[in-house]
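Novice: kindly generate the corresponding structure for this input.
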Amino acid sequence: MKLLLLALLLVCFSPKSGAATPNIILFVTDDQSPIAGCYGHTDIKTPHLDRLAAEGTRFTHAFATTASCSASRSVILSGLHNHRNGQYGHTHAFHKFASFPAVAAVSLPLQMKQAGYRTAQIGKYHVAPVSVFEFEKRLAGNARNARSMAESCRDLFQENSDQPFFLYFCTSDPHRGGGVDKTSPLELKPDLFGNKPERKAHQGIEEVFYEPSKVKVPDFLPDTPECRAEIAQYHQSCSRIDQGLGHLVSLLKETGQWDNTVLIYTADHGMAFPGGKTTVYEAGLRVPFIVRHPEAKKRGVVNNAMISHVDITPSILDLAKAYDPERRAPLKLINVAKVPSGENGGKPAKAYHGRSWVPILEETSPKGWNEIGASHTFHEIQMYYPMRVVRDRKYKLIWNIAWRQPYPFASDLWRASTWQAQFAKGAEAPYGKRTVDSYINRPQFELYDISSDPSEARNLAEDPAFATVLTHYQSKLKTMQKRTEDPWIMKWRYE
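Specialist: Got it, this is the predicted structure:
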């Protein structure tokens, strides 16, 4: 009798049992900073995200590890920094970067399938190869309309299955695109950020329009008419995402899935403005991060743990009961087929660079979460500018490895009216807390007292008074690079 009872318990709490594990949705937006009502911004309307934060945990110190689309998504889906997984930059067209085949051993979608989940993906994918990041289902949906994307998930939510689902839901908003606003009175027209021209609406969306004069300009940007016009378009795109989030939640409730679904909301990196996207400055790395767990006893938790995108995969596997916290690894590695002779398959991946934040979801100031690392190498193929970062609550060190060359621009950021308006004024024109010239030409090291200088305006690296601090944080950076097997660590020896 005892043996029979034990067997029944093992079945009920097996990782492959839908009764024991929740559905999980990972909602990832494209180029969104933590600018929302729940993050203290009153100039933008995000009621559904605010409600999600009120029902879950809002992380105040969440970071991407690289502010580049493909590279960041490879980190989200592998738990490995992109310098380790091989996705150094964009994957589409001639950029051609892809993760190593060996990364499949720890891949999030493959691990979730192994854990007994139905896996589905909708919207922006932007990683490679499919063999490493393969989902069982690819749902059709307009990535510029999160509401229609949500509707496309209805059948998944209604499937009669004893397996839980894992849904990777990725918008293309608020990425730049769709042309410029030709109705703008400005000579340099603002990008539409996916909004319809002439103030038209996406299907099913009640567009929220913003007046440029009323938006708040972040410290890293210039307070100019051109910048304000682009922020207004950016805000509109974010509000459209918010309506999609609201519809997604409504569908989960309608189909009876809400009370058994963990919803995680974040972005691949910060907003697509020079000084944000493609940089390792705060505006590039800081992201919104909200987790709503149906079984959490506490609601509206504000958590100041420093987490990053390398923590997403281990955390989701922890929710799926497929994670070993002691080894920071999946319970079982995926069996990766032998890589053909002559092909670089990458080193075997056995553990994650991050760890699970599930045990701290209901805490406000958990111990031991006080440092993150960041690693950027490429965006577009033309943009080789490797940067490595270590940041804690006091200081932030940036190592610009290719510092002798001018900082390379992403094509859409270079032509942005926000940048061009200041660039035309000359090298000493202000750009946020910097100048145009200091943004383009950067020193080898940037050291900031991030606790008192969150705008990263005063570089302490060349100040003799901070020589000891600089050396200490260089040592911390080397430790991070060694631990995460960063090939660029060799640059310390000969450059």
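Novice: biggest helix in this structure by residues?
Specialist: Of all the segments assigned as helix in the chain under DSSP state H, the longest by residue count is helix 225-254.
Novice: other SSEs contacting the very next helix or strand once past that one?
Specialist: Note on helix 225-254: by DSSP states H and E, the next helix or strand toward the C-terminus is strand 261-267. Applying 3 or more C-beta pairs under 8 Å, 6 or more residues apart in numbering; DSSP states H and E, one finds that strand 261-267 makes contact with strand 23-29, helix 47-55, helix 225-254, strand 289-292, helix 312-319. For every residue, glycine as well, the C-beta is placed using N, CA and C.
Novice: buried residues in the longest helix of the chain, which are they?
Specialist: Of the residues in helix 225-254, those buried by neighbour count under the rule 16 or more other C-beta atoms under 10 Å are 225-249, 251-252.
Novice: what of stretch 46-63?
Specialist: For stretch 46-63, a neighbour-count test (16+ other C-beta under 10 Å) marks 46, 48-53, 55-63 as buried.
Novice: got it, and stretch 367-376?
Specialist: Across stretch 367-376, burial judged by 16+ other C-beta under 10 Å covers 369, 372-376.
Novice: want to throw the helices and strands packed on strand 261-267 into TSV with mean pLDDT and distance to residue 91?
Specialist: Formatted as TSV, those follow (pLDDT from 0 to 100; distance: least, C-beta to C-beta, whole Å):
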stretch	mean pLDDT	distance to residue 91
strand 23-29	98	16
helix 47-55	98	28
helix 225-254	98	23
strand 289-292	98	24
helix 312-319	98	18
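Novice: what helix or strand does residue 122 sit in?
Specialist: Using DSSP H and E, residue 122 sits in strand 118-123.
Novice: and the next helix or strand after that strand, which strands flank it?
Specialist: Going down the chain from strand 118-123, the next helix or strand is strand 137-139, by DSSP H and E. Applying DSSP bridges, strand 137-139 is found paired with strand 118-123 (parallel).
Novice: what does the partner strand contact?
Specialist: With contact meaning C-beta atoms under 8 Å, 6 or more residues apart in numbering, strand 118-123 is reached by 109, 112-113, 135-141, 143, 149, 152-153, 156, 159, 161, 163-172.
Novice: mind checking which of these are buried?
Specialist: Using 16+ other C-beta under 10 Å, the buried members of the contacts of strand 118-123 are 109, 112-113, 135, 139, 141, 143, 149, 152-153, 156, 163-172.
Novice: out of everything not next to it in sequence, what's closest to residue 305?
Specialist: Nearest residue to residue 305, sequence neighbours excluded (C-beta to C-beta, 6 or more residues apart in numbering): residue 369, at 3.6 Å.
Novice: do I have it right that that neighbour meets residue 360?
Specialist: Yes. Between residue 369 and residue 360 there is a contact under C-beta atoms under 8 Å: 6.9 Å.
Novice: quick check: neighbours shared by the two?
Specialist: What both residue 369 and residue 360 touch, as defined by C-beta under 8 Å, 6+ apart, is the set residue 305.
Novice: how much space between the nearest residue to residue 469 once chain neighbours are set aside and residue 64?
Specialist: In space, and not counting its chain neighbours, residue 469 is closest to residue 395: 6.4 Å by C-beta to C-beta, 6+ apart. Distance of residue 395 to residue 64, computed by C-beta to C-beta, to the nearest Å: 19 Å.
Novice: higher neighbour count, the two?
Specialist: residue 64 (29 against 20; other C-beta atoms under 10 Å).
Novice: so what's the more buried one up against?
Specialist: Per C-beta under 8 Å, 6+ apart, neighbours of residue 64: 72, 75, 267-270, 284-287, 308-309, 374.
Novice: mind listing the helices for the stretch 301-450 of the chain?
Specialist: For the stretch 301-450 of the chain, helices defined by DSSP state H, counting those that start in this stretch occupy the ranges 312-319, 411-414, 417-423, 436-440.
Novice: ok, residues contacting the last one?
Specialist: Yep, that's helix 436-440 we're talking about. Under C-beta under 8 Å, 6+ apart, the answer for helix 436-440 is 274-275, 406-407, 422-423, 425-431.
Novice: please repeat the previous calculation with a cut-off of 7 Å.
Specialist: For helix 436-440, the external contacting residues (C-beta atoms under 7 Å, 6 or more residues apart in numbering) are 274-275, 406-407, 422-423, 426-429, 431.
Novice: among the buried residues of stretch 367-376, name the ones in strands.
Specialist: Under the assignment DSSP state E, these contribute 372-376 to strands.
Novice: JSON lines please, covering the residues you listed and showing distance to residue 487 and pLDDT.
Specialist: Output for those, formatted as JSON lines (distance: C-beta to C-beta, whole Å; pLDDT from 0 to 100):
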{"residue": "372", "distance to residue 487": "20", "pLDDT": "98"}
{"residue": "373", "distance to residue 487": "15", "pLDDT": "98"}
{"residue": "374", "distance to residue 487": "16", "pLDDT": "98"}
{"residue": "375", "distance to residue 487": "11", "pLDDT": "98"}
{"residue": "376", "distance to residue 487": "14", "pLDDT": "98"}
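Novice: distance to residue 478 added to those residues, as a markdown table?
Specialist: What follows is those, written out as a markdown table (distance: C-beta to C-beta, whole Å):
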| residue | distance to residue 478 |
| --- | --- |
| 372 | 16 |
| 373 | 11 |
| 374 | 15 |
| 375 | 13 |
| 376 | 17 |
